[in-house]
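Participant: Quick one, what's the 3D model for this:
(chains A and B)
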Number of protein chains: 2
Amino acid sequence: MDELGLDYLFHPRSIAIAGVSGDSTKFSPGQGFMQSLIDTGFEGKIYPVNPKGGEVSGSKIYPSVRDIPDRVDYVISAIPAPYTPQLVADCAAKGVRAIHFFTSGFSEIEDEEGQQLESEVLRVARQSGIRIIGPNCMGLYCPKTGLSFAVNFPEQSGFPKQNGPVGLIAQSGGNSIYCIREATTRGIYFSKVISYGNASDLNETDFLEYFTCDPETQIIALYIEGLKGGSRFATVLRRAAKVKPVIIFKAGTTESGTRAAASHTSAIAGSNIIWESFLKQAGAIQVHSVEEIVDIALLFLRMSPPKGRNTAIIGSGGGASVQSADDCLNAGLTLPVLPAQIRRKLKEIYGTEAGHIFGNPVDTLARPEMLLNTSRIIADCDQIDLLIIHVAFDTWGVIDGKDVIKPSIESLINLNNTLSKPMAVVLHSYATDEAKRLASEVHVRLREAGFPVYPSISRAASAINKFIQYQQWHQQS
Amino acid sequence: MDELGLDYLFHPRSIAIAGVSGDSTKFSPGQGFMQSLIDTGFEGKIYPVNPKGGEVSGSKIYPSVRDIPDRVDYVISAIPAPYTPQLVADCAAKGVRAIHFFTSGFSEIEDEEGQQLESEVLRVARQSGIRIIGPNCMGLYCPKTGLSFAVNFPEQSGFPKQNGPVGLIAQSGGNSIYCIREATTRGIYFSKVISYGNASDLNETDFLEYFTCDPETQIIALYIEGLKGGSRFATVLRRAAKVKPVIIFKAGTTESGTRAAASHTSAIAGSNIIWESFLKQAGAIQVHSVEEIVDIALLFLRMSPPKGRNTAIIGSGGGASVQSADDCLNAGLTLPVLPAQIRRKLKEIYGTEAGHIFGNPVDTLARPEMLLNTSRIIADCDQIDLLIIHVAFDTWGVIDGKDVIKPSIESLINLNNTLSKPMAVVLHSYATDEAKRLASEVHVRLREAGFPVYPSISRAASAINKFIQYQQWHQQS
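Facilitator: Numbers count the residues shown, from 1 in each chain, chains lettered A, B, ... in the order given. Got it, this is the predicted structure:
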């Protein structure tokens, strides 16, 4: 299954962390990594390392990796760059199989020294059969084996212990952390996440190949700034996209973005036009933000593929309805007028057309108790392939918004899995603290009931359009 | 000043509300309007009207407007459409000068009856010199005189009593409510808001003309679905845009959006291409969402015009920096490389380049205490016209995000008004409840300190680019 033999990276039995201070008054990133392994329930041994020795949280700090009286499978380097050649030499002597360099100050900086240092570290590692993750990255998160790079601070969530179907390969540490938190908030969990930085040794192509064969990964997501795997990437991507959805956020597509990418991870980026056609040909799904990675993944996990792009929009508010129609069309979806017969049925159940729109979008302002029937009638219409239901929070004036929103949500939850067509829900227009609180509460309920939920019609429509594009590509190829 | 003589609309001394039920167990929109006037501190008389009579919150309900033993300046109609001709006749007999029809079921519905009813109501009103707002709308909000159309429900904010410099004309009631709440949350207040619906009599052009001359309105914003003012709109808009910034969200720009607009407010919409060139020629600022209205207004109120588009981005996170560069360029801004001299200065204060980017974007990861100096050095650079400072919330793993964010915010607040260049702040990447809470808290602090604050680089960049476009247009014409 694992042609490259990378699976061992995710199953170390012992980890040494270089750069853990024994001084408890000072917080060092090394301590952060140690704490994150403990928080996530890593069951192997953890060995802190620092030339000054000492003790941390009851654990002895070893002066060098060589001094650890046990085998060491994996090393996390949180020491300054100039000390890394010595660390690699120590790891080689100890028989370490992989090092993750959180350490930065290599080829991504302007000084030639950084470039030379990265080459030197790589040379020694290759001689000794040590694989490198990074440098200049956060490393590995694998909830199943307790690998992690986030600590539970009072106002900051650590990563969940629950594992899931998405594998993420991210060149940026910050973006990998944000992607995990954004996904988790929306009910998506990960098999493995790799933050890989400068990619001096193992690169995006290696990890993509690994995920293609990884039975624990059903959906692959990438954030990349530039390619290190070169032309092999195209071959590996095509193979990957044939067997699993591959979602790619390629940043550094403008001149200034490219320059920033070079300074961030020494990446050589490329123009957006080239990437667009390349990703399309390979059958990958291109996105332009971390949020959009999650928007798309959500559909693969929570929506059965619609037969086409004919969308019905149901929700409350005339202005929101007009805008939703524009947003859907601009995203590539189509909004057929509902047949006269269906509109008659709707008029019958509402009694009047005043204050409503029945054409599509359907505006059911302030009649939430009818949402269930309305949705059923429309879902049964042959001309409609999917439904988008939207709920607005801060658009209620002389009517109590709660009186509309809460029964609407109950109707939706009652609907779930009984409709003949796929459905997405949009919770939008919340600005005040009260509306945000209510939207968040409602989101949790819908998430737990299994709905794909979006914060705007345009984001839902764009994700759905790409989802349908992917299905069509997949059927043809 | 007020050529059309519309100012009286905002200063009624007595208001009758038709459609207030005396049955306290049933909530009617009429009661909602009554409550909203009381909540906002309307100081005139309020007369509830209902043919059934009775009492509500200690006030006598009059069977008809005619029975009110006082002059009546303004009437709010919250009764079903078929009863409106009688109401207009009563108002005519009473000498009422203006009626706001919350009532819907007129020309926006498919039945010809609705069209006929609207014409009939308009005919009688015109004969009697009564001006109509609506039908099918929320009416007027004027904090200074206590007019309003929002009630304080437990989980829903009423409108603020504080007045401000923005005048909003909105064809959709829901969008006008959302715009007020979104603006208020971001520190912007209104002179007057008009939700005008079907515009059978007074229309967008009349209100635009009124705001052009209104000394209390410095910035004009419009949400429109279609024009009733016809060709006069172009003349009035050109004149308005010469003296005040005019921000326009035109919805219903796609085929389906146009259809929805017709069903919502009987509006005849038009293609986006026509609108784009028309608004550009008139010197108005086109936006595509309610949020974007606020994004732009914020700059007029909180940023002095930059001399050009040369932007420096300062913030934390490599991935966020790469994306921010792409976002700024895609929005139309430019990111010059900082001169070698400036980069040397930055390297000196940070001691090392490792973990940072100094080129522009400037990535000052985890060194918030340096933000003040960094910003000053860059603001003094001749090649830079403006600064965008960004702070990420959910991108911190083994470092405590708070330790970076809180001192960064203090640095920013210390900076304010001491920099030689305009500055915007972006708070982004918050997904978890903890991060949202912290971002909200920080936003309030920055808002109170007078900063223009945005939730993403792309929204800030797009707004700033349009702001600069407006300044350039204004200088030329």
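
Participant: What is the neighbour count of residue A:51?
Facilitator: As a burial measure, the neighbour count of residue A:51 was computed by other CB atoms under 10 Å in any protein chain shown and equals 13. In this view, the C-beta of every residue, glycine as well, is placed from N, C-alpha and C.

Participant: Skipping its backbone neighbours, what lies nearest residue A:276 in space?
Facilitator: Setting aside the residues directly before and after it, residue A:276 is nearest to residue A:286 in space (CB to CB, 6 or more residues apart in numbering or on different chains), at 6.3 Å.

Participant: beta partners for that neighbour?
Facilitator: Listed by DSSP bridges, the beta-bridge partners for residue A:286 are residue A:248.

Participant: where does the stretch 201-350 of chain A dip in pLDDT?
Facilitator: The model of the stretch 201-350 of chain A has pLDDT under 70 over residues A:268-270.

Participant: so where do the strands sit in it?
Facilitator: Under the criterion DSSP state E, counting those that start in this stretch, strands of the stretch 201-350 of chain A are mapped to A:219-224, A:246-250, A:285-287, A:311-315.

Participant: Reformat the ones you listed as TSV; add mean neighbour count.
Facilitator: Listed next are those as TSV, based on neighbours: other CB atoms under 10 Å in any protein chain shown:
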stretch	mean neighbour count
strand A:219-224	26
strand A:246-250	26
strand A:285-287	22
strand A:311-315	26
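
Participant: Any figure for the gap between residue A:62 and residue A:22?
Facilitator: The spacing between residue A:62 and residue A:22, counted by CB to CB, to the nearest Å, is 11 Å.

Participant: any common contacting residues for the two?
Facilitator: A:50, A:53 (CB atoms under 8 Å, 6 or more residues apart in numbering or on different chains).

Participant: Chain A - how does it break down into domains?
Facilitator: What automatic domain parsing lists as the domains of chain A is A:1-136, A:162-302, A:305-476.

Participant: Now find how far off-centre the second one is within its chain.
Facilitator: Read it as domain A:162-302. 9 Å (CA atoms, centre = their mean, to the nearest Å).

Participant: tell me which element the residue most central in space within chain A is part of?
Facilitator: Note on chain A: the residue nearest the mean C-alpha position is residue A:179, at 4.0 Å, using CA atoms, centre = their mean. Per DSSP states H and E, residue A:179 falls inside helix A:173-185.

Participant: Who are the packing partners of the helix or strand following that helix?
Facilitator: Once the chain leaves helix A:173-185, the next helix or strand it forms, by DSSP H and E, is strand A:190-195. Other helices and strands packing on strand A:190-195, by 3 or more CB pairs under 8 Å, 6 or more residues apart in numbering or on different chains; DSSP states H and E, are strand A:139-141, strand A:166-170, helix A:173-185.

Participant: Show me what strand A:190-195 pairs with in its sheet, parallel or antiparallel.
Facilitator: If you go by DSSP bridges, strand A:190-195 pairs up with strand A:139-141 (antiparallel), strand A:166-170 (parallel).

Participant: Could you export those as JSON lines, including mean pLDDT, mean neighbour count and distance to residue A:9?
Facilitator: Converted to JSON lines, the strands paired with strand A:190-195 look like this (pLDDT from 0 to 100; neighbours: other CB atoms under 10 Å in any protein chain shown; distance: least, CB to CB, whole Å):
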{"stretch": "strand A:139-141", "mean pLDDT": "98", "mean neighbour count": "26", "distance to residue A:9": "7"}
{"stretch": "strand A:166-170", "mean pLDDT": "98", "mean neighbour count": "27", "distance to residue A:9": "13"}
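
Participant: No more questions from me, cheers.
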